[in-house]
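**Student:** Provided below are the primary sequence and the corresponding predicted coordinates.
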Amino acid sequence: MKTQQCTMASVVQFTLFELLLKLFLILALVNKGSAGITSTFTRSLWQSFDIPLDHKVFAIPNGYNTPQQVHITQGDYDGKAVIISWVTADKPGPSKVQYGTSEKKYDFSEDGTVTNYTFYNYKSGYIHHCLLDGLEYETKYYYKIGVGDSSREFWFQTPPKIDADSPFIFGIIGDLGQTYNSLSTLEHYMQSRGQTVLFVGDLSYADRYQYNDVGIRWDSWGRFIERSAAYQPWIWSAGNHEIEYMPDVGEVLPFKSYIHRFSTPYLACKSNNPLWYAIRRASAHIIVLSSYSPHVKYTPQWQWLRDELKRVDRKKTPWLIILMHVPIYNSNQAHFMEGESMRAVFERWFVHYGVDFIFAGHVHAYERSVCKFFPFHVTFPHWGKD
């Protein structure tokens, strides 16, 4: 009996020793690794409110017809192009971008396009989009828009070449809005090492306003994000707050403001709609889906995704990432099972092609899920609206 008790005690002690040893090794690796640590950022539990329009974060640049609301996104399939977008308020002006690899020295230039739109009685400024292509990888470019004393200068860094060993840091933001919490989120992100934002829908929340204020709040949001989006690509996807279906004021064209203001490289990946598209960046293949566009069998989005998944080359881009607004899994009461139709259609493809991550927003609570046969699914909390 004593021998049995001693043996059991030895087993317990040895098991405890193994556990402590493994814990020590894990902690040692974490301390010496390069994966980073979870942020200590903690948001207040109190609801946040929209920042008033006269706040400095919405300030209009000085000068006549000075470019504002400047933002960039990837302009091709493989990261050797950018689309630069901006707004001029008073008149169209030139849609030209001057750029080069030295500050204040612009050896190249490209001409873009200009458009505008109306929403109820609001008339937008002149919205410019200009494609710069044929860029070199891992190169810092400086660019200039506008003319004379009203011109403005910015810069961006191109990504490394498409390769399995190319490191890259993505930031993920969604449901941002323009509240005081939105500002803290944006400032917190800008202090990180993020190189490109993957945006999972619900941008300005301008649809919470009425009449002309809808367009005015799109303008304020464009100036709000410029501090980051003028210097690194934001990869866009649309959410429910971009639909803006308002028949009571005669506005029935979905995504009208969003599509006019935010360009995407959808043609480069053989998509026929700017709401769904794909890019490759460094070691990642990123697919953007539209939760609020038809996606059942034989629809254009369904057909495009079927073909795009076949193009994935895991030898060059081992990370396969899906962006969407509505999560296909969600245990929160808010928006419960709203993504079921997309899950029913696309989940088997996600499993078959081994999708690594699905990033979604919509539900204003953080949740992540993973199982043996399914990709890692993350629902991000509200980043600022509430």
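**Tutor:** Right, received. Where do you want to start? None of the values given here were measured: they were computed from a predicted structure. Numbers count the residues shown, from 1 in each chain.
**Student:** contacting residues for the residue nearest to the spatial centre of the chain?
**Tutor:** Centroid check for the chain by C-alpha atoms, centre = their mean gives F199 as the closest residue, at 1.8 Å. F199 is in contact with 172-174, 176, 234-237, 323, counting by C-beta atoms under 8 Å, 6 or more residues apart in numbering. Backbone N, C-alpha and C define where each C-beta goes, glycine included.
**Student:** next one: Y231
**Tutor:** Residues near Y231 by C-beta under 8 Å, 6+ apart: 72, 154-156.
**Student:** and S237, how far is that from H325?
**Tutor:** Distance from S237 to H325, counting by C-beta to C-beta, to the nearest Å: 6 Å.
**Student:** Which neighbours do the two have in common?
**Tutor:** Counting by C-beta under 8 Å, 6+ apart, the shared contacts of S237 and H325 are 200-201, 290.
**Student:** out of those residues, which are inside helices?
**Tutor:** Under the assignment DSSP state H, those contribute nothing to helices.
**Student:** which one of those residues sits closest to H241?
**Tutor:** Minimum distance to H241 across the shared contacts of S237 and H325 is 7.8 Å, recorded for G201 (C-beta to C-beta).
**Student:** Quick check: the gap between the closest residue to the closest one other than its chain neighbours and V214.
**Tutor:** Nearest residue to G201, sequence neighbours excluded (C-beta to C-beta, 6 or more residues apart in numbering): G239, at 2.8 Å. The gap separating G239 from V214 is 15 Å, by C-beta to C-beta.
**Student:** do the same with P61
**Tutor:** In this view, P61 and V214 are 22 Å apart by C-beta to C-beta.
**Student:** Who has more neighbours out of these two?
**Tutor:** Counted by other C-beta atoms under 10 Å, P61 and V214 do not tie: V214 has more neighbours, with 22 against 16.
**Student:** For that one, give me its contacts.
**Tutor:** Taking C-beta under 8 Å, 6+ apart as the test, what V214 contacts is 119-120, 122, 206-207, 244, 246, 257.
**Student:** These in strands, which ones?
**Tutor:** Judged by DSSP state E, the contacts of V214 include 119, 122 as members of strands.
**Student:** want to throw the contacts of V214 into a markdown table with distance to H55 and pLDDT?
**Tutor:** A markdown table is the format used below for the contacts of V214 (distance: C-beta to C-beta, whole Å; pLDDT from 0 to 100):
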| residue | distance to H55 | pLDDT |
| --- | --- | --- |
| F119 | 23 | 98 |
| Y120 | 24 | 97 |
| Y122 | 21 | 97 |
| A206 | 16 | 97 |
| D207 | 21 | 96 |
| E244 | 24 | 97 |
| M246 | 26 | 97 |
| S257 | 21 | 98 |
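**Student:** what's the closest of the contacts of V214 to N330?
**Tutor:** Within the contacts of V214, the smallest distance to N330 is 21.9 Å, found for D207 (C-beta to C-beta).
**Student:** right, and the closest one touches E251 too?
**Tutor:** No: with contact defined as C-beta atoms under 8 Å, D207 does not count as touching E251 (9.9 Å).
**Student:** hmm, back to that, what is the nearest of the shared contacts of S237 and H325 to W304?
**Tutor:** Using C-beta to C-beta, the shared contacts of S237 and H325 come closest to W304 at S290, 10.4 Å.
**Student:** What's the separation between that closest one and A282?
**Tutor:** With C-beta to C-beta as the criterion, S290 and A282 are 24 Å apart.
**Student:** Next: D313.
**Tutor:** D313 is 14 Å from A282, by C-beta to C-beta.
**Student:** Pick out whichever of these two has more residues nearby.
**Tutor:** Counted by other C-beta under 10 Å, D313 and A282 do not tie: A282 has more neighbours, with 23 against 11.
**Student:** what about the residue lying closest to the more buried one once chain neighbours are set aside, neighbour count?
**Tutor:** Once flanking residues are discounted, A282 sits nearest to F168: 3.5 Å by C-beta to C-beta, 6+ apart. Per other C-beta under 10 Å, the neighbour tally for F168 reads 15.
**Student:** Can you verify H128 is assigned to a helix?
**Tutor:** No: assigned with DSSP: H, G, I helix; E, B strand; the rest coil, H128 falls outside any helix and is strand.
**Student:** what's around it, how many residues?
**Tutor:** 27.
**Student:** Return the per-residue confidence for it.
**Tutor:** pLDDT recorded at H128 is 98.
**Student:** In ChimeraX, how would I select the buried members of the contacts of V214?
**Tutor:** Burial among these is assessed by 16 or more other C-beta atoms under 10 Å; the matching ChimeraX selection reads:
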select :119,120,122,206,207,244,246,257
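**Student:** As CSV, the contacts of V214 with distance to F346 would be great.
**Tutor:** Below are the contacts of V214 laid out as CSV (distance: C-beta to C-beta, whole Å):
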residue, distance to F346
F119, 32
Y120, 36
Y122, 36
A206, 29
D207, 27
E244, 26
M246, 30
S257, 27
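**Student:** Could you identify the pair within the contacts of V214 that is furthest apart?
**Tutor:** Spanning the widest gap among these are Y122 and D207, at 12.8 Å by C-beta to C-beta.
**Student:** How about H285, nearest residue that isn't a chain neighbour?
**Tutor:** Sequence neighbours aside, T317 is the residue nearest to H285 in space, at 4.0 Å (criterion: C-beta to C-beta, 6+ apart).
**Student:** that's a strand at that neighbour, yeah?
**Tutor:** No: with three-state DSSP as the criterion, T317 is assigned coil and is not in a strand.
**Student:** Can you read off the pLDDT for it?
**Tutor:** pLDDT recorded at T317 is 98.
**Student:** Run a quick check on it versus I162, I expect a contact.
**Tutor:** Yes: taking C-beta under 8 Å as the definition, T317 is a contact partner of I162 at 6.5 Å.
**Student:** Common neighbours of those two, please.
**Tutor:** 280, 283.
**Student:** in what helix or strand does S228 lie?
**Tutor:** Per DSSP states H and E: S228 is located in helix 213-229.
**Student:** Name the residues of that helix that come out as buried.
**Tutor:** When burial is assessed from 16+ other C-beta under 10 Å, helix 213-229 yields the following buried residues: 214-226, 228-229.
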